[in-house]
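> Please find the sequence and the predicted model below.
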Amino acid sequence: MEGMFKPGAFKGKTIVITGGGTGLGKSMGKYLLELGANLVITSRKQEVLEKTAAELQLQTGGQVLAVACDVRKYEEIEKVLRETESRFGQIHGVVNNAAGNFISPTERLSHRAFDIVVDIVLKGTYYMTLAAGKHWIAKKQPGTFLNIVTTYAWTGSGYVVPSACSKAGVLALTRSLAVEWAKYKIRSNAIAPGPFPTDGAWSRLLPGDLVKKFDPAARIPLKRVGDHQELANLAAYLLSDYSAYINGEVVTIDGGEWLRNGGEFSHLEEIPSEMWDVLEKTRGKGA
Ligand code: HXC
Ligand code: NAP
């Protein structure tokens, strides 16, 4: 649960995090500030961003620029990039972290409800990627994208179908541009977190009593949810030059959750050891 980098590892680097005012974006931003980075946080709510910026600056002594930006609006993204450049100079990394999500049977969704999630997650990510990529290419600057997806980007998942479609698209974008833009020294990677408690995710994915009924930790081989610092360590690594040869990768950080739930016999952990003793004694003695 501790930071793994040397202090100052991000000195002189500027990182933009969408959805950086809350939750995992805020935790990743805090750690990058502790490592000496200049941080730019964006989301729709200026007052949330300013509160977070003041709190993080006080805690870390770092520099935070808070710019309101709806990732569905390309011109607002361009404004973030312009303001970042004029405040800090070069941009070194972009974390596409902003998201919208909620649980619902798909047949109950209106087409507007489907749109809202796809527009934030998929369109928002490709808008930011296109704008930052064009910026880096025009300036002949290297850059690193880090896209926050989730494991159902490749398994799919019922009840969060707009999010699953969008995260799958973000993963395809990550892998495609890792190849196409490598010639510009632009790397693209992704992180697929399992459950990490945040107000934003928990209130929308485990509303009301669902959190008691479906304890996320119970589904995980390590029997716990993630700690924000564990994610922040991985994000810092993938944004840093220590991972300079990693490109087009998605790193899962879920305590083994998705593999366990796909494994044909993983549920046999419910068998107590006394029953294994009985099974062992009866082994080879007929059906
Ligand atoms: C069904 C819903 C709904 C719900 C909204 N809608 N919530 N439909 N079930 N729970 C419908 C509305 O009825 C409307 O359609 C349309 O969606 C737009 O809704 P608005 O409330 O007007 O949208 P808006 O105010 O812009 O809010 C966007 C939002 C909201 C996505 C609905 O939840 C939000 O702001 N989220 C941002 C943060 C977030 O979601 N964080 C969690 C990320 S967690 P109609 O037809 O009525 O007009 C995550 C974890 C992944 O991604 C993996 C976990 C392991
Ligand atoms: P969160 O706190 O709700 O973060 C989502 C952020 O996105 C908010 O800061 C929100 O701010 C911003 N946002 C939403 N719509 C936006 C828009 N149109 N333009 C710009 N910003 C927008 O939830 P979180 O749990 O930290 O999620 C962060 C990321 O981790 C997401 O990509 C999520 O899918 C991923 N993830 C989370 C978990 C988990 O267990 N927590 C697991 C897997 C993946 P505003 O409302 O101010 O715009």
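Perfect, thanks for sending it. Ligands and ions are numbered 1, 2, ... in the order given.

> Now do the buried residues in stretch 182-193.
186-193 (16 or more other C-beta atoms under 10 Å). (C-beta placed from N, C-alpha, C; glycine too.)

> no no, stretch 37-50
For stretch 37-50, burial by neighbour count (16+ other C-beta under 10 Å) applies to 37-44, 48-49.

> In a markdown table, list the residues you listed along with secondary structure and distance to ligand 1.
Shown next, in a markdown table, are the buried residues of stretch 37-50 (DSSP: H, G, I helix; E, B strand; the rest coil; distance: C-beta to the nearest ligand atom, whole Å):
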| residue | secondary structure | distance to ligand 1 |
| --- | --- | --- |
| A37 | coil | 24 |
| N38 | strand | 25 |
| L39 | strand | 20 |
| V40 | strand | 19 |
| I41 | strand | 15 |
| T42 | strand | 13 |
| S43 | strand | 9 |
| R44 | coil | 8 |
| V48 | helix | 11 |
| L49 | helix | 14 |
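
> Backbone dihedrals for V80, please?
phi -60, psi -40 (degrees, to the nearest 10).

> A37 and K13 touch, don't they?
Yes: using C-beta atoms under 8 Å, A37 is in contact with K13, at 5.0 Å.

> Need the residues that contact stretch 15-23.
With C-beta atoms under 8 Å, 6 or more residues apart in numbering as the test, stretch 15-23 has contacts from 25-26, 28-29, 32, 37-43, 45, 48-49, 51-52, 66, 69, 71, 80-81, 84, 91-99, 124, 128, 132, 198-201, 239.

> Tell me which residues touch the residue lying closest to I246 once chain neighbours are set aside, please.
Of all residues not flanking I246 in the chain, N189 sits nearest, at 6.0 Å (C-beta to C-beta, 6 or more residues apart in numbering). N189 makes contact with 144-147, 174, 178, 238, 243, 246-251, according to C-beta under 8 Å, 6+ apart.

> Please narrow these to those residing in helices.
174, 178, 238 (DSSP state H).

> Which one (most neighbours) among those?
Counting neighbours by other C-beta atoms under 10 Å, T174 leads those with 25 neighbours.

> Pull the most distant pair out of the buried residues of stretch 37-50.
A37 and R44 (23.2 Å; C-beta to C-beta).

> same for the helix or strand of the chain with the lowest mean pLDDT, what does it pack against?
When the helices and strands of the chain are scored by mean pLDDT, DSSP states H and E, helix 210-213 comes last with a mean of 89. Using 3 or more C-beta pairs under 8 Å, 6 or more residues apart in numbering; DSSP states H and E as the contact test, no helix or strand touches helix 210-213.

> Please export the C-alpha coordinates of it as PDB.
Extracted in PDB, the C-alpha atoms of helix 210-213 (Å, rounded to 0.1, in the frame of the first residue of the first chain):
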ATOM      1  CA  LEU A 210     -26.900  -4.300  -3.300                       C
ATOM      2  CA  VAL A 211     -23.500  -3.600  -1.600                       C
ATOM      3  CA  LYS A 212     -24.500  -6.000   1.300                       C
ATOM      4  CA  LYS A 213     -26.000  -8.600  -1.100                       C
END
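
> Report the distance from that helix to the chain centre.
Relative to its parent chain, helix 210-213 has a centroid offset of 23 Å by C-alpha atoms, centre = their mean, to the nearest Å.

> May I see the buried residues of it?
Result for helix 210-213 [16+ other C-beta under 10 Å]: no buried residues.

> let's have the chain start at 780 instead
Sure, I'll start counting at 780 from here, so that last one is helix 989-992.

> Which ones among the contacts of stretch 794-802 lie within strands?
817-822, 845, 872-875 (DSSP state E).

> between those residues, which is closest to ligand 2?
Comparing the ones in strands among the contacts of stretch 794-802 against ligand 2 with C-beta to the nearest ligand atom places S822 closest, at 3.3 Å.

> ok, that closest one to A845 distance?
Distance, S822 to A845, using C-beta to C-beta, to the nearest Å: 9 Å.

> Now do the shared contacts for these two.
Contacts common to S822 and A845, judged by C-beta under 8 Å, 6+ apart, are 800, 828.

> re earlier: how about the buried residues of stretch 961-972 in JSON lines, adding distance to ligand 2?
JSON lines is the format used below for the buried residues of stretch 961-972 (distance: C-beta to the nearest ligand atom, whole Å):
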{"residue": "I965", "distance to ligand 2": "21"}
{"residue": "R966", "distance to ligand 2": "19"}
{"residue": "S967", "distance to ligand 2": "15"}
{"residue": "N968", "distance to ligand 2": "14"}
{"residue": "A969", "distance to ligand 2": "10"}
{"residue": "I970", "distance to ligand 2": "8"}
{"residue": "A971", "distance to ligand 2": "7"}
{"residue": "P972", "distance to ligand 2": "4"}
